[in-house]
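# got a structure for you, letters missing:
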Ligand code: UDP
């Protein structure tokens, strides 16, 4: 006997399950395809005793105090400010591109002129998306924008998405804006920290409730059937709510169109030395097939003679072959998604939440905020 079925055991699903179990005292059944909880936030200690993020680097950052307060019930935190270098013209320089990057890549006289131009046109400590900066009509700024676009964005974006920055939603490249200041950190948010014992432990704690039952290694469709816009659990009509956090096109058997995603082949390597690189992540916009190398020891400091690195090779998502990581933003894809959304509205007990179900490039804090909102507005 359950009141709610939740499909998926990632962050969105876990927030929903925890709230329903705790606040409503209702019974929740979580059905998860994988053999572990945590979705793409899943982390674990590898053979080098280093906490690694199986599905790529996940760095928590937010300006939202409510999100921090909520998660703090399930974990303590370690302060962590993520820094990234980009390998450009044979040098590793800080990104987001900022004044420090400018002085490392240009002779100081030229850098000074460009710095002054930037300060004359934009506010100190502000952020400029590259596609905005490229609109500048000033000769020096237009030169700088083209330089940054060519050296940092165009080839990385081609590898990551198979597209040009201007072919995609401008919000994607705006995630890594040009920074009119000297802050080398990848994010500027007020709260930048990691769960002290990792995301998996935090999520385990969220799901540790007598009202929550978890079925791992189970495809939703092994136990549930959808017929005439009605859900059946083990062949019995299910009258409760179904909270679905998986791919919406898969739920509806690709009825309209297959929604494209970008996938990544995550290749981990153990390296026989104490440290491999200077910072947690080094991006390679113009060299190699991979986009970036992440060294987890910088993220979760560990005493170990070896180190673990991850090289990310972006690739097309293929059903049943790899993992859908990123929804791809184009107008056409959004229109197809909207068809699914309209169809979903015809199910009276279906709720969609999460990066896959909503086809949105959510960060972890967005997910928590969104799930708390859905709980307040649609469930409670
Ligand atoms: N990007 C880029 N060069 C970089 C870093 C980022 O062109 O060195 C662009 C690229 O299109 C990427 C987007 O900015 O997909 C967002 O980058 P972010 O690091 O936020 O991506 P995520 O960590 O979510 O994969």
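Okay, I see it. Note that the structure is predicted; figures quoted are calculated from it, not measured. Numbering: from 1, shown residues only.
# what's the distance between residue 205 and the ligand?
26 Å (C-beta to the nearest ligand atom, to the nearest Å). For glycine as for every other residue, the C-beta is placed from the backbone atoms N, C-alpha and C.
# next one: residue 250
Residue 250 is 22 Å from the ligand, by C-beta to the nearest ligand atom.
# got it, and residue 330?
Applying C-beta to the nearest ligand atom to residue 330 and the ligand gives a distance of 14 Å.
# Going by residue numbers, what spans are helices in the stretch 1-150 of the chain?
Along the stretch 1-150 of the chain, counting by DSSP state H, counting those that start in this stretch, helices occupy 11-23, 65-71, 99-105, 108-121, 130-133, 139-148.
# Number of residues surrounding residue 68?
Per other C-beta atoms under 10 Å, the neighbour tally for residue 68 reads 17.
# Find the nearest non-adjacent residue to it, please.
residue 191 (5.2 Å; C-beta to C-beta, 6 or more residues apart in numbering).
# Was I right to think that neighbour contacts residue 62?
Yes: contact status for residue 191 versus residue 62: in contact at 5.1 Å, counting by C-beta atoms under 8 Å.
# Overlap of the contact sets of the two?
Shared contacts of residue 191 and residue 62 (C-beta atoms under 8 Å, 6 or more residues apart in numbering): residue 68.
# Looking at these two, which one has more neighbours?
residue 62 (21 against 17).
# For the residue nearest to residue 68, list the residues it contacts.
Contacts of residue 191 by C-beta under 8 Å, 6+ apart are 60, 61, 62, 63, 64, 65, 68.
# Just name the closest of those to the ligand, please.
residue 61 (10.8 Å; C-beta to the nearest ligand atom).
# how close does the residue of the chain found nearest the ligand sit to residue 173?
The minimum distance from the chain to the ligand, using C-beta to the nearest ligand atom, falls at residue 156 (3.4 Å). Relative to residue 173, residue 156 is positioned 9 Å away (C-beta to C-beta, to the nearest Å).
# Near the ligand, which residues of the stretch 101-250 of the chain are found?
Proximity of the stretch 101-250 of the chain to the ligand, by C-beta under 6 Å from any ligand atom, involves residues 152, 153, 156, 157, 160, 172, 173, 175, 176.
# Would you mind finding the most buried of the helices of the stretch 1-150 of the chain?
helix 11-23 (a mean of 24; mean count of other C-beta atoms under 10 Å).
# and for that one, what are the contacting residues?
So helix 11-23 is contacted by 3-4, 6-7, 26-28, 30, 32, 37-39, 41, 70, 199, 203, 206-207, 209-212, 243, 245, 353-355, 357, 364, 367-368, 370-372, 374-375, 379-380 (C-beta under 8 Å, 6+ apart).
# now stretch 145-160
86, 88-89, 95, 97, 105, 130, 133-134, 136, 163-165, 168, 172-173, 176, 178, 262, 283-286, 289-291, 314.
# Check these for burial and list the buried ones.
Neighbour-count burial (16 or more other C-beta atoms under 10 Å) is assigned, among those, to 86, 88, 95, 97, 105, 130, 133-134, 136, 165, 168, 172-173, 176, 178, 262, 283-286, 290-291, 314.
# just to revisit the earlier point, now the phi/psi pair for the residue nearest to residue 68, please.
Backbone torsions for residue 191, taken as degrees, to the nearest 10, come to phi -110, psi 120.
# before we move on, what about residue 351?
phi -120, psi 130.
# tell me the contacts of the residue nearest to it when sequence neighbours are not counted?
Spatial nearest neighbour of residue 351, excluding adjacent residues (C-beta to C-beta, 6+ apart): residue 243 at 4.7 Å. With contact set as C-beta under 8 Å, 6+ apart, residue 243 has these partners: 4, 5, 6, 7, 13, 16, 351, 353, 379.
# could you redo the last one with a cut-off of 6 Å?
Shown in contact with residue 243 (C-beta atoms under 6 Å, 6 or more residues apart in numbering): 6, 16, 351.
# Which pLDDT does the model give the closest residue to residue 49 other than its chain neighbours?
Nearest non-adjacent residue to residue 49, counting by C-beta to C-beta, 6+ apart: residue 304, 5.5 Å away. On pLDDT, residue 304 comes in at 96.
# For residue 304, the count of nearby residues, please.
15.
# Next: residue 127.
Residues within reach of residue 127, counting by other C-beta under 10 Å, total 18.
# The nearest residue in space to it that is not next to it in sequence: how many residues sit nearby?
Distances taken as C-beta to C-beta, 6+ apart put residue 177 closest to residue 127, at 3.8 Å, once the chain neighbours are dropped. As a burial measure, residue 177 scores 19 neighbours (other C-beta under 10 Å).
# Pull the contacting residues for residue 177.
96, 127, 128, 129.
# The first one and residue 176 touch, don't they?
Yes: at 5.3 Å, residue 96 counts as touching residue 176 under the criterion of C-beta atoms under 6 Å.
# hmm, who's touching the host helix or strand of residue 312?
Residue 312 belongs to strand 307-316 when assigned by DSSP states H and E. Outside strand 307-316, the residues that touch it by C-beta under 6 Å, 6+ apart are 46, 48, 50, 52, 159-160, 262-271, 275-276, 289-297.
# next one: it to chain centre, how far?
Averaging C-alpha positions (C-alpha atoms, centre = their mean, to the nearest Å) puts strand 307-316 15 Å from its chain's average.
# Tell me if it is near the ligand.
No: judged by C-beta under 6 Å from any ligand atom, strand 307-316 makes no contact with the ligand; its nearest approach is 8.0 Å.
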